[in-house]
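*Asks:* what follows is a predicted structure for the sequence shown.
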There are 2 protein chains.
Amino acid sequence: MTAATPDEGVAVPVTIRDVARASGVHISTVSRTFSAPHLVNPETRVRVLACAEDLGYRPNRAARALITGRTHNIGLIIADIANPFFPPLIKAAESQARHRDYHVFVADTNEDPTTEEELVHALAKQVDGVLLCSPRMSNSLIEQLSREVPLVVVNRQVTGLPCVLMDVGQGARAAIEHLIGLGHRSIALLGGPRSSWTNREMRRAAGAAARSGGAELTLLGPNAPTETGGAAVAEQVRRSGVSAVLAYNDLMAIGLIEGLHALGVRVPQEVSVVGVDDITLSRLTRPKLTTVATPTGAAGRTAVDMLLQQDIESPRGARAPGAGTALGVRRTTAQVMLQTDLVIRDSTGPGPHARPVRPLAAPLGPDPHCPAGPGIPTAVTGDAVAS
Amino acid sequence: MTAATPDEGVAVPVTIRDVARASGVHISTVSRTFSAPHLVNPETRVRVLACAEDLGYRPNRAARALITGRTHNIGLIIADIANPFFPPLIKAAESQARHRDYHVFVADTNEDPTTEEELVHALAKQVDGVLLCSPRMSNSLIEQLSREVPLVVVNRQVTGLPCVLMDVGQGARAAIEHLIGLGHRSIALLGGPRSSWTNREMRRAAGAAARSGGAELTLLGPNAPTETGGAAVAEQVRRSGVSAVLAYNDLMAIGLIEGLHALGVRVPQEVSVVGVDDITLSRLTRPKLTTVATPTGAAGRTAVDMLLQQDIESPRGARAPGAGTALGVRRTTAQVMLQTDLVIRDSTGPGPHARPVRPLAAPLGPDPHCPAGPGIPTAVTGDAVAS
DNA sequence: TACTTCACTGCAAACCTTTGCAGGATCACT
DNA sequence: AGTGATCCTGCAAAGGTTTGCAGTGAAGTA
């Protein structure tokens, strides 16, 4: 049946030519059967498809890429795969890409801008585009690289480039308002990496929300966006005398809670803590973490879509016969902002200025494991909102 | 300097021909400069390299793949990227591959055997080999697929195929012995997916260890290898009356602890829990999890090495002019077993039969957050031990 | 019938690189 | 000077596919 001798270790490569021979047509007809089915007679088509199936033919993507200029691969550059924020994004992007018949190269930069740049270069020629997730490079470098290969940037705003953003500003505002509503007036913001767009955005929004709510916001940072980074500032948080903290991300928040716990500071009784990301972990720690849920899966899907859409417009390299440049709209520079949602769990509680409106607020016994917090988890929506 | 007009959005593809023209040599010389530098005059070489650098030339891997038959890509098929067990493996594999000038396609199967098979098929022609991590397919299917594309299997034993295994048997034994040493005589084993090699291996080793230690082992399962799966059996665990549990993995262990906590059962005072994997998370929960550390990073690296080594032997498809089959040793079928280590943290404590040798064992106050457990984390070794 | 249209298929060039072979130059040695 | 070896380079075929163009036959129109 197949061309391979049954017990041979290595499969014999079956090409378009074998299929053509088997089905008695020219190779170009076979080619069209796959890449332009409407151009071939239905009868012929089924015959060719049958032969192809029979022989186990699969188009050689390298050969196809060579002539079409499209590899059907996309690159996904991630700051740190081990950071639980990213796997859902990777998973969603991979799945979305696969449905569009694309494959995803995943590469990890270890949070290093230089590695990041090298990776884009290395990937440039063998992918149709690259997704840059939480890049640490400078804006100008990103722009420069975007001339080498189509880019979509996630978690960062680069003018002139398609970006997928999560509205952490809104999330930070909601978090601060939530804390103020609980009676906190002195709040700290644990900053993340300096070069992070998210970081700036949070600072801006949290600052505004605090001002308009009559609370004081203390900035602590920058810090490493990890559990260790969070634990390291616990002492500083205690000294600062704040009653609530908004952390750059969940890992830091969890680290901070650990650190505070080691110092004998109870969460949320003495200090409330809010994280960002809603990683799986945040549901598993004790107390369960109040956090700003970011739609990472939606971000991955959206980014893939934007990349592919942009690719479709410029079918090949610059080999248009006429003026190479005048191809009309070359890049869609749309920026998509995804909604975030505050998920209230157990790491936030009443602050010093809480109005004892209702006599509820059970004084929270010595066991912090079963706090009677409000705990109304808002649904996480990941709908894209084009801006 | 470069051939691209500066403000053009799309980079002009610069080929080997451009470099040849610029440096005044034939394209074959340029080719050799990159793929066989020792065959070209040093002077010529530097000139060519300079021109290439100048023009920003990068070899077209599709064209190269077309003629050499090697794509310099490898596929990495993962049961569930979101499972924190995998990211360190992915990270290590990607890094190792990159150092060998390979790129890694990552694909997620959602624990579905059918998707798994499809992915291998889809990847077969565009990679030089595939890493199968914790596959859920049948052995026979895996063997069959291995005829289509070189395979390395991780976390599973398939005769005739190169495998990277982690010695969970030894880990399970150590865990059971640890528990018996603490005075537990009635222990439950929370099983994972039925088709999992790890699962069978653990059952075998744990059973043997329990027998020889005079303890009774209750099997509970199979269960989903997730936090939810663990939480779901909490009630069952309580009813079974065991004083200690060894879970299939950390996620299940953590879920179980949560579930027990919800039932008012304290860990480790009433029930000790041991996990497997030592995911980052296990250090962050309270109580911190005692677990069998598996060298996932080493597994990723080793798997890549084994795949590449195997690839090197059979340089192309079966197109040797003579007898296609008699190519000598075709596949190395080495199986590598990596060591595991028991990391003792806070989720295990004295059992009903504990000998109060020393009066230590501080009666563990109402606050389970600061248990004075033994907590001597063994170093995680990831040395490969060929079998 | 003659002509046009249409649907389908074949032909051959092109994509970019690698590589076996052969030619040319240089050099050492006899 | 002749011989052979060595080193470097050029030539050209090959790899699997796509695609513009041309050709075929049949159907439709005048």
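*Replies:* Yep, that arrived.
*Asks:* hey, let's count contacts and neighbours off CA atoms from now on
*Replies:* OK.
*Asks:* which positions in chain A make contact with DNA strand D?
*Replies:* Contact residues (CA under 7 Å from any atom of the strand) of chain A with DNA strand D: A:13, A:15-17, A:27-32, A:34-35, A:58-61, A:63-64, A:66-68.
*Asks:* just the buried subset of those residues, please.
*Replies:* A:13, A:15-16, A:27, A:29-31, A:58-61, A:63-64, A:66 (16 or more other CA atoms under 10 Å in any protein chain shown).
*Asks:* now those residues in TSV, with distance to residue A:46, secondary structure and pLDDT?
*Replies:* Output for those, formatted as TSV (distance: CA to CA, whole Å; DSSP: H, G, I helix; E, B strand; the rest coil; pLDDT from 0 to 100):
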residue	distance to residue A:46	secondary structure	pLDDT
A:13	22	coil	79
A:15	18	coil	93
A:16	15	helix	94
A:27	15	helix	94
A:29	12	helix	95
A:30	11	helix	95
A:31	13	helix	95
A:58	16	coil	90
A:59	17	coil	91
A:60	21	coil	92
A:61	22	helix	92
A:63	24	helix	93
A:64	22	helix	93
A:66	27	helix	92
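*Asks:* which among those are in contact with DNA strand C?
*Replies:* Answer for these near DNA strand C (CA under 7 Å from any atom of the strand): A:27, A:29, A:63, A:66.
*Asks:* residue contacts, the residue of the stretch 151-300 of chain A at minimum distance from DNA strand D?
*Replies:* Closest residue of the stretch 151-300 of chain A to DNA strand D, CA to the nearest atom of the strand: residue A:151 (22.6 Å). Residue A:151 sits next to A:129, A:130, A:131, A:132, A:161, A:162, A:307 when contact means CA atoms under 8 Å, 6 or more residues apart in numbering or on different chains.
*Asks:* now residue A:28: how far from residue A:102?
*Replies:* In this view, residue A:28 and residue A:102 are 24 Å apart by CA to CA, to the nearest Å.
*Asks:* tally of neighbours for residue A:50?
*Replies:* When counting by other CA atoms under 10 Å in any protein chain shown, one arrives at 15 neighbours for residue A:50.
*Asks:* ok, now residue A:83?
*Replies:* Quick note: residue A:83 (other CA under 10 Å) scores 17 neighbours.
*Asks:* name the SS class of it, please.
*Replies:* Three-state assignment for residue A:83 (DSSP: H, G, I helix; E, B strand; the rest coil): coil.
*Asks:* per-residue confidence at it?
*Replies:* At residue A:83, the model reports a pLDDT of 89.
*Asks:* how near is residue A:219 to DNA strand C?
*Replies:* Distance, residue A:219 to DNA strand C, by CA to the nearest atom of the strand, to the nearest Å: 51 Å.
*Asks:* same check, this time on residue A:189
*Replies:* 50 Å.
*Asks:* and the residue of the stretch 251-387 of chain A found nearest chain B, what are its phi and psi?
*Replies:* In the stretch 251-387 of chain A, the residue that lies nearest chain B is residue A:285 (5.3 Å; CA to the nearest CA). The phi/psi pair for residue A:285 (degrees, to the nearest 10) reads phi -80, psi 170.
*Asks:* tell me who's in contact with the closest residue to it other than its chain neighbours.
*Replies:* What sits nearest to residue A:285 in space, not counting adjacent residues and going by CA to CA, 6 or more residues apart in numbering or on different chains, is residue B:285, at 5.3 Å. The contact partners of residue B:285, taken as CA under 8 Å, 6+ apart, are A:284, A:285, A:286, B:254.
*Asks:* count of neighbours near the residue of the stretch 101-250 of chain A found nearest DNA strand D?
*Replies:* Nearest residue of the stretch 101-250 of chain A to DNA strand D (CA to the nearest atom of the strand) works out as residue A:101 at 12.8 Å. Residue A:101: 11 surrounding residues under other CA under 10 Å.
*Asks:* checking it next. Helix, strand or coil?
*Replies:* Applying three-state DSSP: residue A:101 is coil.
*Asks:* and the pLDDT at it?
*Replies:* pLDDT, residue A:101: 91.
*Asks:* straight-line length of stretch A:30-39, end to end?
*Replies:* Start-to-end, stretch A:30-39 (CA to CA) is 11 Å.
*Asks:* say whether chain B is contacted by it.
*Replies:* No: using CA under 8 Å from any CA of the partner chain, stretch A:30-39 never reaches chain B; the gap is at least 15.1 Å.
*Asks:* what's next to that stretch, contact-wise?
*Replies:* A:16, A:19, A:20, A:40, A:45, A:48, A:49.
*Asks:* mind putting the residues you listed in TSV, distance to chain B included?
*Replies:* Output for those, formatted as TSV (distance: CA to the nearest CA, whole Å):
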residue	distance to chain B
A:16	13
A:19	16
A:20	19
A:40	25
A:45	22
A:48	20
A:49	17
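*Asks:* give me the subset of those residues lying in helices.
*Replies:* Counting by DSSP state H, the contacts of stretch A:30-39 place A:16, A:19, A:20, A:45, A:48, A:49 in helices.
*Asks:* tell me the contacts of residue A:265?
*Replies:* Counting by CA under 8 Å, 6+ apart, the residues that residue A:265 touches are A:238, A:271.
*Asks:* tell me the spacing between it and residue A:354.
*Replies:* 19 Å.
*Asks:* now swap in residue A:115 and tell me
*Replies:* With CA to CA as the criterion, residue A:115 and residue A:354 are 49 Å apart.
*Asks:* and the helices in chain A?
*Replies:* A:16-23, A:27-35, A:42-55, A:61-68, A:86-99, A:113-124, A:139-145, A:168-181, A:197-213, A:227-232, A:234-240, A:250-262, A:296-313.
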